[in-house]
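# Attaching a predicted model along with its sequence, questions to come.
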Amino acid sequence: MNKVVTSSLWKEPSHRGLFWTQVLSEPLFSLYSFLGFFLYKNLHASPWAISFFITCKPVITILSFYWSAGLKEKGKSLKKNVLWAGFCMRAPFLLAFCFDSPWYLIFSSVSYMFFYRASMPGWIEWIRRNVHEERGRIFSFSSAVAYVEGAVLSLAIGAVLDQNPYLWRHLFVICAGIGLFSLWIQSRLPSPDVEVEQVSVLSWKQQLIRPWIDSYELVKRRPDFFRFQTGFMIAGFGIMLIQPALPLFMVDRMGVSYVEVAGAVSIAKGLGFALFSPFWGKRLHRSTVFPLSGVLFITMGMFPILLGLSSYHICFFYVSYFVYGVAQGGNHLLWNLSGPLFSGTEESSRYSGVNVVLGGVRGAIAPPLGGWLAVLFGPTWVFIWGGTLCIFSGLQLVMGRGNLSFKRIFKRGLDHS
């Protein structure tokens, strides 16, 4: 790893807090990817219950937008917002021993996703206020370490459960406990409260529509942020479109084994993420925003194209997931830090909240549409359409006029704050 990054990582308590928060949160996040298996295999959930679980995830993401909107509306403490969300997203898993119903595990998983998404705007604002120097590099380094950790844990969890499938409850309790320890680390770090004016109590109807109006006014006031969100929306829609087609293609067309899937997702994808996250973090503050985003989206669009070639040779399967990991390294960084980058000294949670709610909107539309198209036309065509959307969005940003550097965007944020 870069010596500059590792030396600056331990220079400030806030740097160490960011690093350990990501590392300690990863075990439960890795176990979360096995939830569908636990529901069907261990708790004998019906296909309807599993479909309900999949549908809830994007809807919950939209509802989580209101948690972050409360930062400004109700004058909540920034630290309390992050700590309470972190506790609520992990606590239900501590009671995994007490319930045999699949609906409790569905409730726990939906609660996890709700508070995970809900905490992101406040957490990113906390990073903006406390991590000033080398923010992009520290974030990308911590993400890369956590991603490698997740890849190793996924393989280890799979091996353990192959030997004893009844240990999944123990793993949930252990991983949730490890995640809760990160809250103790966060509570000891300096974090200034959000300074807001007390406002009059809003009606439930006003509370329901106010965040959407604020988001609309924000993107209307900031055409550069609107352009970024448009590109992200098109590319994100393309990559979400292909998700339901992935298992159909892997099982029916390729016939890959679980070991091959684990090798692609955990090793090839994780390796690409870990190797290129420092590169994206280095380029973040040196490049212009739209070409950098465009390169990311074009790289993301190569994933379904290469995956479609896997039916001719298995090597394309691993190469495609390596490319996906490369793109994810930059996408993860850009999605999380775009709020502070565009906001300047303005409150960044509103910008991050737009990321969250638009992610929920495309998540509620793209996967069902992708599943219907995969059944109707086959998964290969869905890969082509999804990859085309990503590449189209990337080319529009790379070739568009009026590209702004991150420094100029930051100054623009100062002018609007």
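Ah, there it is. Bear in mind that the values here come from a model prediction, so they are computed numbers and not experimental data.

# Helix or strand for the residue positioned nearest the centre of the chain, just tell me which one.
Geometric centre of the chain, nearest residue: His332, 6.4 Å, by C-alpha atoms, centre = their mean. Assessed by DSSP states H and E, His332 sits inside helix 315-343.

# Return the set of buried residues in that helix.
Using 16 or more other C-beta atoms under 10 Å as the test for burial, helix 315-343 gives 316-343. In this view, the C-beta of every residue, glycine as well, is placed from N, C-alpha and C.

# likewise stretch 367-381?
Those would be 367, 370-371, 373-374, 379-380, for stretch 367-381 by 16+ other C-beta under 10 Å.

# Quick one: end-to-end length of stretch 252-265, please.
Stretch 252-265 stretches 18 Å from its first residue to its last (C-alpha to C-alpha, to the nearest Å).

# That stretch - what's its average pLDDT?
In this model, stretch 252-265 has a mean pLDDT of 69.

# ok, residues contacting stretch 381-392?
By C-beta atoms under 8 Å, 6 or more residues apart in numbering, the residues outside stretch 381-392 that reach it are 234-235, 237-239, 241-242, 244-245, 249, 297-298, 300-305, 307-308, 370, 373-374.

# roughly how far is that stretch from the heart of the chain?
Centroid separation for stretch 381-392 versus its chain: 21 Å, with C-alpha atoms, centre = their mean, to the nearest Å.

# Quick check: the farthest pair among the buried residues of stretch 367-381?
Pro367 and Thr380 (17.6 Å; C-beta to C-beta).

# Compute the number of surrounding residues for the nearest residue to Ser101 once chain neighbours are set aside.
In space, and not counting its chain neighbours, Ser101 is closest to Leu43: 7.3 Å by C-beta to C-beta, 6 or more residues apart in numbering. When neighbours are defined as other C-beta atoms under 10 Å, Leu43 has 17 of them.

# likewise Ser25?
Residues near Ser25, counting by other C-beta under 10 Å: 23.

# Tell me who's in contact with it.
Contacts of Ser25 (C-beta under 8 Å, 6+ apart): 146, 179, 182.

# Tell me which residues touch the last one, please.
Same thing as Ser182. 20-21, 24-25, 86.

# And for the second one?
In this structure, Gly179 makes contact with 24-25, 27-28, 86, 90, judged by C-beta under 8 Å, 6+ apart.

# now for those, which pair is the farthest apart?
Across these (C-beta to C-beta), the longest gap, 14.1 Å, separates Pro27 and Gly86.
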